[in-house]
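Colleague: Compute the structure for the input listed below.
(chains A and B)
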Amino acid sequence: MMELLQTLEHAGLDLFGPFWLPLWTVAKILAIVVPIMLTVAYLTLVERWVIAYMQIRIGPNRVGPFGLLQPIADGLKLLMKEIIIPTGSSKFLFILAPIMALAPALAAWAVVPFSDGMALANVNAGLLYILAMTSLGVYGIIISGWASNSKYAFIGAVRSAAQIVSYEIAMGFALVCVLMVSQSMNMSDIVHGQHGQFGMLNWYVIPLFPMFLVYLISGVAETNRAPFDMAEGESEIVAGFHVEYSGMTFALFFLAEYANMILIAFLTSIMFLGGWLSPLPFLPDSFIWLLGKVSFILFLFLWFRATFPRYRYDQLMRLGWKVFIPLTIIWVVVIAVWMQTPYWLW
Amino acid sequence: MDFVTSNFETIVFYMFAALIVFASLRVITAHNPVHAVLYLVLAFISSAGIWMMLEAEFLAITLVLVYVGAVMVLFLFVVMMLDINLVRLREGFWRWLPFGAALAGLMAFEMIWVLGSRETSAGRVAIKHAADYSNTKELGRLIYTDYVYPFEIAAVILLVAMVAAIALTMRRRKDAKSQVVSEQVAVKKKDRLRIVKMQGEK
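Modeller: So this is what the prediction gives:
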């Protein structure tokens, strides 16, 4: 596979000269973005199935065999609908907001390694880049809330801004633990650091188990998923920041939320669950393992949504500031001391 | 075409520079304060791009992470909630113009002085490092060895500022209600829930 790609690259370089690099990069970007978009589409279907079965219903099964064409029908419906721009709204920002929500969600994929050496950009500061990109996602929500000129949208935007800023700190400290343990910010090196002769016992989830939980829960909060979906809060503020959006503009917010979910699932698998490494030492490492871990974490996201009622706003802030941030800071110190002792095995 | 490929970095630099100048001008000329803040965000991101070209990837990404991702979000948060009267804001424009112009002139002069002199910058080419050189690691090492005292002092000053800001604005309301979380968590199912057996209806 790798050899085939290399011959292709050399042939292209001879044929196109200086134009080859941009062309080749665009091809690689498409090879990442198109599968993500398809996964997003089918994740919505799987979500409806999973939640339906948890609530003893059947779920979508009418469109196509087993309801498999449902996401395509939904997408077509959204494409056909009119985009309504409310009066008194800031038109340019109103259209810009969904783009601002989706762009960082896709840009972060640039440094995600899918397998050994398979990343769009294998950069040194990969972890920092991901933190920066995920922190930009909040702009889509804030701008949409303000530009809509609606009270509900505005309340949703303000809630979301406060929530994301609070949980980002805990998330950042959890990642500080990861980079202390792996001694690198390169995503591929972080996975290599979890390679060892004991299979899954070498993964960082063992010494960093509290950080794994903090990262996962903060990830749910960062993507505004239930039970932390204060920004949407259908029963309190209708639909929060995207109450005024329709048609394709709404679809972009939807895509951004699910793309972010898949991203968080990938990052958790890469940083805590050993990425593409196999859980048992005698089995070969492969991309399939990564997909399995990602699917498991995505299932957790859906499971949370079907299980927990929405958090109250003060409970949310308490969890972020009074539980997660102290816990992560203490764990940074614990790991730092632990790493200096001979009992450090990772 | 050769011109573009051989001067690619210069062209990208001028694009970023033009963006920064445009965005900064719009920050002070935009009618709506929210638009002004968003233009400031654009200016920050463009400067991060220029730092990235100088191979200062840690600084570039930290600028995006801290300023764009956190500080400007709070800025927007505050600006969106303020009821700003534009007419009153524009009142003293002519009165303050000479003072502002003098400050701007002074800053422009300083920049020309520093950037134009052979001693400080002009003609020096940045050192290119190998691909495995980690800017972040080097910065971390310097902060905790050579510059440990300035770094600690800066940290303490920030802490003092934070404590002071909280102490100055903190007020306790007498009639405020709050939850005792430990009591809420300690509640057992049998305290709240009673299951009643009932005859099924036919």
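
Colleague: So what does the spatially closest residue to B:Gly69 that is not a sequence neighbour look like in phi/psi?
Modeller: Nearest non-adjacent residue to B:Gly69, counting by CB to CB, 6 or more residues apart in numbering or on different chains: A:Ser135, 2.9 Å away. (Glycine included, C-beta is placed from N, CA and C.) Dihedral angles of A:Ser135 (phi, psi; degrees, to the nearest 10) stand at phi -80, psi -20.

Colleague: tell me which parts of chain B are close to chain A?
Modeller: B:1, B:5, B:32, B:34-35, B:38, B:41, B:57-58, B:61-62, B:64-65, B:68-70, B:73-74, B:76-77, B:80-81, B:132, B:134-136, B:179, B:181 (CB under 8 Å from any CB of the partner chain).

Colleague: what sits against the residue of chain A found nearest chain B?
Modeller: Using CB to the nearest CB, the single residue of chain A nearest to chain B is A:Ser135, 2.9 Å away. The contact partners of A:Ser135, by CB atoms under 8 Å, 6 or more residues apart in numbering or on different chains, come to A:164, A:168, B:64-65, B:68-70.

Colleague: in chain B, which helix has the most residues?
Modeller: helix B:93-116 (DSSP state H).

Colleague: Any idea how far the next helix or strand after that helix is from the middle of the chain?
Modeller: The element immediately downstream of helix B:93-116 (helix or strand, assigned by DSSP states H and E) is helix B:135-144. Its chain's C-alpha centre and that of helix B:135-144 lie 21 Å apart, by CA atoms, centre = their mean, to the nearest Å.

Colleague: Could I get the buried residue list for helix B:135-144?
Modeller: Of the residues in helix B:135-144, B:135-136 count as buried by neighbour count, 16 or more other CB atoms under 10 Å in any protein chain shown.

Colleague: CA atoms only for the helix or strand harbouring B:Tyr14, dumped as PDB, please.
Modeller: Assigned by DSSP H and E, B:Tyr14 belongs to helix B:8-29. This file holds the C-alpha atoms of helix B:8-29, laid out as PDB (Å, rounded to 0.1, in the frame of the first residue of the first chain):
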ATOM      1  CA  PHE B   8       6.300  31.800  -2.300                       C
ATOM      2  CA  GLU B   9       7.300  32.700   1.300                       C
ATOM      3  CA  THR B  10       7.500  36.400   0.600                       C
ATOM      4  CA  ILE B  11       4.100  36.400  -1.100                       C
ATOM      5  CA  VAL B  12       2.500  34.600   1.800                       C
ATOM      6  CA  PHE B  13       4.200  37.000   4.200                       C
ATOM      7  CA  TYR B  14       2.800  40.000   2.300                       C
ATOM      8  CA  MET B  15      -0.700  38.500   2.200                       C
ATOM      9  CA  PHE B  16      -0.700  38.000   6.000                       C
ATOM     10  CA  ALA B  17       0.800  41.500   6.500                       C
ATOM     11  CA  ALA B  18      -1.900  43.100   4.400                       C
ATOM     12  CA  LEU B  19      -4.600  41.100   6.300                       C
ATOM     13  CA  ILE B  20      -3.200  42.400   9.600                       C
ATOM     14  CA  VAL B  21      -3.100  46.000   8.400                       C
ATOM     15  CA  PHE B  22      -6.600  45.800   7.000                       C
ATOM     16  CA  ALA B  23      -8.000  44.000  10.100                       C
ATOM     17  CA  SER B  24      -6.400  46.400  12.500                       C
ATOM     18  CA  LEU B  25      -7.800  49.400  10.600                       C
ATOM     19  CA  ARG B  26     -11.200  47.900  10.700                       C
ATOM     20  CA  VAL B  27     -10.900  47.300  14.500                       C
ATOM     21  CA  ILE B  28     -10.800  51.100  15.000                       C
ATOM     22  CA  THR B  29     -13.200  52.100  12.200                       C
END
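
Colleague: Buried residues, the helix or strand just after it. List them.
Modeller: Next helix or strand after helix B:8-29 toward the C-terminus (DSSP H and E): helix B:33-53. Within helix B:33-53, the residues that count as buried by 16+ other CB under 10 Å are B:33-52.

Colleague: contact partners of helix B:33-53?
Modeller: By CB under 8 Å, 6+ apart, helix B:33-53 touches A:90, A:93, A:139, A:143, A:146, B:9, B:12-13, B:16-17, B:19-20, B:23-24, B:26-28, B:30, B:57, B:59-61, B:63-64, B:67-68, B:72, B:75-76, B:79-80, B:82, B:84.

Colleague: same thing but 7 Å
Modeller: Helix B:33-53 has contacts (CB atoms under 7 Å, 6 or more residues apart in numbering or on different chains) with A:146, B:9, B:12-13, B:16, B:19-20, B:23-24, B:26-27, B:30, B:59-60, B:63-64, B:67-68, B:72, B:75-76, B:79-80, B:84.

Colleague: Report the inter-axis angle for it versus helix B:8-29.
Modeller: Taking axes from the mean of the first three to the mean of the last three CA atoms, to 10 degrees, one finds helix B:33-53 and helix B:8-29 inclined to each other by 160 degrees.

Colleague: what's downstream of helix B:33-53, the next helix or strand?
Modeller: Following helix B:33-53 toward the C-terminus (DSSP H and E): helix B:57-62.

Colleague: Check which helices and strands that following helix sits against.
Modeller: helix A:126-136, helix B:33-53, helix B:135-144 (3 or more CB pairs under 7 Å, 6 or more residues apart in numbering or on different chains; DSSP states H and E).

Colleague: got the CA positions of the helix or strand just after it in PDB?
Modeller: Heading C-terminal from helix B:57-62, the first helix or strand you meet, by DSSP H and E, is helix B:72-81. The C-alpha trace of helix B:72-81 is given here as PDB (Å, rounded to 0.1, in the frame of the first residue of the first chain):
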ATOM      1  CA  MET B  72     -11.300  37.100  22.700                       C
ATOM      2  CA  VAL B  73     -14.200  34.800  23.600                       C
ATOM      3  CA  LEU B  74     -14.500  36.600  26.900                       C
ATOM      4  CA  PHE B  75     -14.100  39.900  25.100                       C
ATOM      5  CA  LEU B  76     -17.000  39.100  22.800                       C
ATOM      6  CA  PHE B  77     -19.000  37.800  25.800                       C
ATOM      7  CA  VAL B  78     -18.700  41.200  27.500                       C
ATOM      8  CA  VAL B  79     -19.000  43.400  24.400                       C
ATOM      9  CA  MET B  80     -22.200  41.500  23.300                       C
ATOM     10  CA  MET B  81     -23.800  42.200  26.700                       C
END
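
Colleague: Help me see whether stretch A:339-346 makes contact with chain B, please.
Modeller: No. Using CB under 7 Å from any CB of the partner chain, stretch A:339-346 stays clear of chain B, with a minimum separation of 14.9 Å.

Colleague: what separates B:Ile28 from B:Phe44, distance-wise?
Modeller: 15 Å (CB to CB, to the nearest Å).

Colleague: Output the below-cut-off pLDDT ranges for chain A.
Modeller: Across chain A, the ranges flagged by pLDDT under 70 are A:1-2, A:18.

Colleague: Residues of it that sit close to chain B?
Modeller: A:18, A:124-125, A:128-129, A:131-132, A:135-136, A:138, A:142, A:146, A:158, A:161, A:165, A:185, A:314, A:318.
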